[in-house]
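Asker: coordinates only, no sequence provided:
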Ligand code: SF4
């Protein structure tokens, strides 16, 4: 089983190409200014079978080029995500994973499951969000300390350099607005509020 906040079968805002994105639930780093505080509690979200998520990836595999793990903290559920990463590779998909830990910390202090996940990831984007270093200058990251660790050749530096940050906006059948991607969410929320005022 894996505890997740949500997933999207197809998004262009969480890495190069169209990707299946999984937001895991639970993070203990509590970075000041965290943009996903709802994903911090380890008891929130929903518990789902790993096999069910793999089936969902399988169902869309011909239309996507990879999967992205983000959160929350993926390395707190390393064993489940390693299974998903290995299954994704078996489908010819790349694996991009965000983590608030540094790769050095994981290599030195990580348990066997966390090291196995490191071995199953193609591109690791590592390091905690640091509000004083906030910047959207680079693709996919929100603070200057975060780094790109190309662990295989499935995702290349050239692909990341060509990538442009974007924010996707979805309105569910229940009217709930869902945002994902990288950029200034505060500015977007203000623009949406003023657009809504104009319509009403
Ligand atoms: S690592 Fe990410 S999810 Fe965890 S507290 Fe920091 S910003 Fe939030």
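Answerer: Now that the structure is in, tell me what you want to look at. It should be emphasised that the depicted structure is a prediction, and the values quoted were computed from it without experimental measurement. Numbering: from 1, shown residues only.
Asker: shaky segments in the protein?
Answerer: Along the chain, the model assigns pLDDT under 70 to no residue.
Asker: residues from it in reach of the ligand?
Answerer: Contacts of the chain with the ligand, taken as C-beta under 6 Å from any ligand atom, map to 27, 29-31, 34, 36, 39-40, 71-73, 100, 128-129. For glycine as for every other residue, the C-beta is placed from the backbone atoms N, C-alpha and C.
Asker: turn the residues you listed into CSV, columns for secondary structure.
Answerer: As requested, these are exported to CSV (DSSP: H, G, I helix; E, B strand; the rest coil):
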residue, secondary structure
27, coil
29, coil
30, coil
31, coil
34, coil
36, coil
39, helix
40, coil
71, coil
72, coil
73, coil
100, coil
128, coil
129, coil
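Asker: max pairwise distance over those: which two?
Answerer: 39 and 128 (14.2 Å; C-beta to C-beta).
Asker: any chance you could map the strands in the chain?
Answerer: Along the chain, counting by DSSP state E, strands occupy 2-11, 19-24, 46-48, 66-70, 94-98, 123-126, 147-150, 167-171, 177-181.
Asker: how much does the fourth one deviate in direction from strand 94-98?
Answerer: The directions of strand 66-70 and strand 94-98 differ by 10 degrees, with axes from the mean of the first three to the mean of the last three C-alpha atoms, to 10 degrees as the criterion.
Asker: same thing with the second one?
Answerer: Computed with the same axes, to 10 degrees, the direction of strand 19-24 lies at 30 degrees from that of strand 94-98.
Asker: show me how far strand 19-24 is from its chain's centre.
Answerer: 6 Å (C-alpha atoms, centre = their mean, to the nearest Å).
Asker: OK, now which residue of the chain is nearest to the ligand?
Answerer: residue 100 (2.6 Å; C-beta to the nearest ligand atom).
Asker: run a quick neighbour tally on residue 41.
Answerer: 14 (other C-beta atoms under 10 Å).
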